[in-house]
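S.K.: following is a predicted model, sequence given first.
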Amino acid sequence: MKNKARSIVIILTLAFIGIGGLLYANDLKQKNTETVFLTSAGIANYSLFKQEFEEKEIVVLKKETTDMAAFETQTTLLRGICKDRCQVFSSKDFPKSFDSLFKLEDPKSRSLILIGREHGALKGLLEQIESSAYWGTVGKGLHLSGVPFTNILLDKYSKKIKEVVFPALFTGIFLCFVFMLRNLKRALILFFPCVLSAALSLSTIKFFFVNSNLITAIVPLMMFVINVSTVLHIFYTAKELGSVKLALDHKKQPIFLMITTTFIGFLSLYFSALQAISTFGLLSASLIVCSSLLTLLWLYHIDRVSPLHFKQNQEKQNSKSFLYSFFQNSMSFRSITLMTVVALITGFTLYQEIPVITDATKYFPKKSLLRESMNNVSRSVLGTPIVELIIDSPLDQDFSIALLKKLDQAEKRLKSGLVAINKDIKVMSLNTLVKKVNLSYAGAEEIPEHMLAYSTLRSKIPTEIKEGLPIERKYRMTIFSPPVDIEEYDAILNQIKKVLAKDYEYTLNGLYFQLMMAQREMISTLFYSFALSLFVISLLAFLTFKSIKLFFIFMFVNIIPVLLSFLFLYLFKLSFNIATVMTYCISLGLIVDSSFHIIHALKDPNTKYAYYFKTVVTPIINGSLVLSFCFISFALNDFLPIREFGICLSIVILIGMFFDLKVLPTLFLEKSRLSCDDKIES
């Protein structure tokens, strides 16, 4: 009686954690910063750059209109909203000579440069613009470009995970549970720990991070589907053995290995140089252990209070069942060899053809016209700052007119080389602006002869702009361009090196630059994290089952599916991006769950195929299909990283299921047919 009372208390406590967690995290907000895609080193360098040059938030707005009076009226309203927090610049705020730098008016449009004096200052202004009937719809008459606007878009798309993907996923899986159990009460009992894991994840994110972002928003979904897999394995074994208690006792070793290997798969991402992926890995690994333990605790104590007895089906499995016969015969060694050769050839060939995407403008759906809208602004008004070039003055002197003139000559050579690469590239610096002011006042676009005159001309530049262009020990050039691919970007960096490397000490920085550097880290993240987790998991298999053969089997059945997956990524036109690079480590942790259940069954010489099919094959098939359904539901989110993450993970899980059920038995048992009524020989 005392044990039953203790179980009731634990059940109520878990129910409180689940329901309370959902209520606590109900107002969890989505907040994506511009550094979400950067490496840890990139974040540090970019933060230092922003502090040193008092970097401000900038958005360029372009309105297609011929009604100039209405545009001026609306511009005045925006200035009133800004007050002291931001500044709105129109063509009237700059001399005509500045048109070659940023063209703020033409016969069919007018543009504004919005500059925030503090972080987040432009968010309210942009929300006001988007809600205004005058400004219209972004991409259709209204065009916006700039980091603050991109961050708002990221918030909206990641918010859809909570509003669309979560409900669809929860509803779909619950209906699957009802269909499989044919009992609403049992479906609720087995479904609740999955919801509990999501609630625990959401409340943890809110408690430690306050807000969620594009990457952490995936964590609750991951915890939910992982616990769905655990519950399904326990359910099918309980269905065969008669109760949850017996299933938990029988499956304790593979369940422990499931939790451990999934933990390892996610934890390997912690060592990624990309901070968002590193945080995702550590957070997910920790939650896997906690949520899995809560799931087991829930099932164990529910069974103690009200045993979930299942009617044991002693009827012989229909030998004519397609699945029953299909999985009784695994692949032959000859077929495995042939498939391996094909996987190696196609994998290594097509891997080079899969695009790598870090440019956030490519993440938005094509139908939104957002990328086209941003490129419109970049080409006709002002491009994206793709490189911040910082030149240090010699240690024994400050910047002088002589040094500034020398820099001006270098800048002219740099402009000439860059325009040959891309005609839309522009270079902006203090020299550039001073020369434009001088052209307006004195009619000569040149550096003045005296430092006093130079300082006087500099004072004519708007404060919000010149504050980011100091003239002490560092000199800044900003290269503006429409978004470019990695090949063109490397050509730009090589041109900078060619012109400046001999005469100047310089560093490169800026958000776009750090994004491009992070792009180079993404593929190494994929292979390093995957290789690390695969080695550790294979070693765990060797230590657990005391078989060196299993070490190499695990390596094989997890490497070949990865190579095969590249074929499907290529065929479905998927990409490597901030989200999809994580799928291989995650899928490894999920797929080997099934591997351990298979090994646990096959290593026992008393295991019969009928029992193996019911307690191992069936939950693996159903579990893999449910997981694939879960992840394919991510396609409901039209934001590219989230959509492709789900599709990619779904593909790899299905390939992994095939290898587990058709290849692993052959390699482990050294034969391709499992005995139907007799014992399985090991």
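M.R.: Received the coordinates, thanks. Numbering: from 1, shown residues only.

S.K.: and the spatially most central residue of the chain, what's its pLDDT?
M.R.: With the centre of the chain defined as its mean C-alpha position, the nearest residue by C-alpha atoms, centre = their mean is residue 579, 3.0 Å away. For residue 579, the model assigns a pLDDT of 80.

S.K.: you'd agree it is up against residue 215?
M.R.: Yes - if you go by C-beta atoms under 8 Å, residue 579 and residue 215 touch, sitting 7.1 Å apart. No exception for glycine: its C-beta is placed from N, CA and C like everyone else's.

S.K.: could you check how far the residue nearest to the centre of the chain is from residue 202?
M.R.: Between residue 579 and residue 202 the distance is 19 Å, computed by C-beta to C-beta, to the nearest Å.

S.K.: low-confidence stretches in the stretch 351-500 of the chain?
M.R.: For the stretch 351-500 of the chain, the stretches flagged by pLDDT under 70 are 393-398.

S.K.: strands along that one, start to end?
M.R.: All strands of the stretch 351-500 of the chain, identified by DSSP state E, counting those that start in this stretch, fall at 384-392, 426-429, 474-481.

S.K.: partners of the last one in the sheet?
M.R.: Okay, so that is strand 474-481. Applying DSSP bridges, strand 474-481 is found paired with strand 384-392 (antiparallel), strand 426-429 (antiparallel).

S.K.: name the surrounding residues that touch the shortest one.
M.R.: Residues lying outside strand 426-429 but in contact with it, judged by C-beta atoms under 8 Å, 6 or more residues apart in numbering, are 101, 382-383, 407, 411, 414-415, 418, 469, 475-481.

S.K.: scan the chain for its longest helix.
M.R.: Criterion DSSP state H: the longest helix present in the chain is helix 511-545.

S.K.: nearest to residue 584, of the contacts of strand 426-429?
M.R.: Using C-beta to C-beta, the shortest approach to residue 584 within these belongs to residue 481, at 33.1 Å.

S.K.: contacting residues for the closest one?
M.R.: With C-beta under 8 Å, 6+ apart, residue 481 has these contacts: 378, 383-384, 386, 422, 424-426, 492.

S.K.: change it to 10 Å
M.R.: With contact set as C-beta atoms under 10 Å, 6 or more residues apart in numbering, residue 481 has these partners: 378-379, 383-387, 418, 421-427, 488-489, 492, 512.

S.K.: now swap in residue 672 and tell me
M.R.: With C-beta under 10 Å, 6+ apart, residue 672 has these contacts: 328-336, 662-663, 665-666.

S.K.: now swap in residue 365 and tell me
M.R.: 157, 371, 637-640, 643.

S.K.: then residue 625?
M.R.: 176, 650, 653-654, 657.

S.K.: what of residue 275?
M.R.: If a contact means C-beta under 10 Å, 6+ apart, then residue 275 has 35-44, 215, 518 as its contacts.

S.K.: which among those residues count as buried?
M.R.: Among the contacts of residue 275, those classed as buried by 16 or more other C-beta atoms under 10 Å are 35-40, 42-43, 215, 518.

S.K.: now, which of the residues you listed sits nearest residue 504?
M.R.: Among these, and counting by C-beta to C-beta, the member closest to residue 504 is residue 42, at 22.9 Å.

S.K.: pretty sure the closest one sits against residue 521.
M.R.: Yes - taking C-beta atoms under 10 Å as the definition, residue 42 is a contact partner of residue 521 at 8.6 Å.

S.K.: mutual contacts of the two, please.
M.R.: Joint contacts of residue 42 and residue 521 (C-beta under 10 Å, 6+ apart) are 273-274.

S.K.: was I right about residue 73 contacting residue 80?
M.R.: No - when contacts are counted by C-beta under 10 Å, residue 73 is not listed as touching residue 80 (11.0 Å).

S.K.: mind listing the shared neighbours of those two?
M.R.: With C-beta under 10 Å, 6+ apart, residue 73 and residue 80 have no common neighbours.

S.K.: for residue 665, see how far away residue 519 is.
M.R.: 41 Å.

S.K.: and these two? Which one has more around it.
M.R.: residue 665 (26 against 20; other C-beta atoms under 10 Å).

S.K.: just the C-alphas of stretch 358-374, formatted as CSV.
M.R.: Written as CSV, here are the backbone C-alpha positions of stretch 358-374 (Å, rounded to 0.1, in the frame of the first residue of the first chain):
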residue,chain,number,x,y,z
THR,A,358,24.6,30.2,-45.0
ASP,A,359,23.2,33.3,-46.7
ALA,A,360,20.0,33.8,-44.7
THR,A,361,18.2,35.5,-47.6
LYS,A,362,18.2,32.1,-49.4
TYR,A,363,16.3,30.5,-46.4
PHE,A,364,13.1,32.4,-47.2
PRO,A,365,10.5,30.7,-49.5
LYS,A,366,10.6,31.7,-53.1
LYS,A,367,6.9,32.7,-53.2
SER,A,368,7.6,35.3,-50.5
LEU,A,369,9.8,37.2,-53.0
LEU,A,370,11.9,38.3,-50.0
ARG,A,371,15.2,37.5,-51.5
GLU,A,372,14.3,39.2,-54.7
SER,A,373,13.2,42.2,-52.7
MET,A,374,16.4,42.4,-50.8
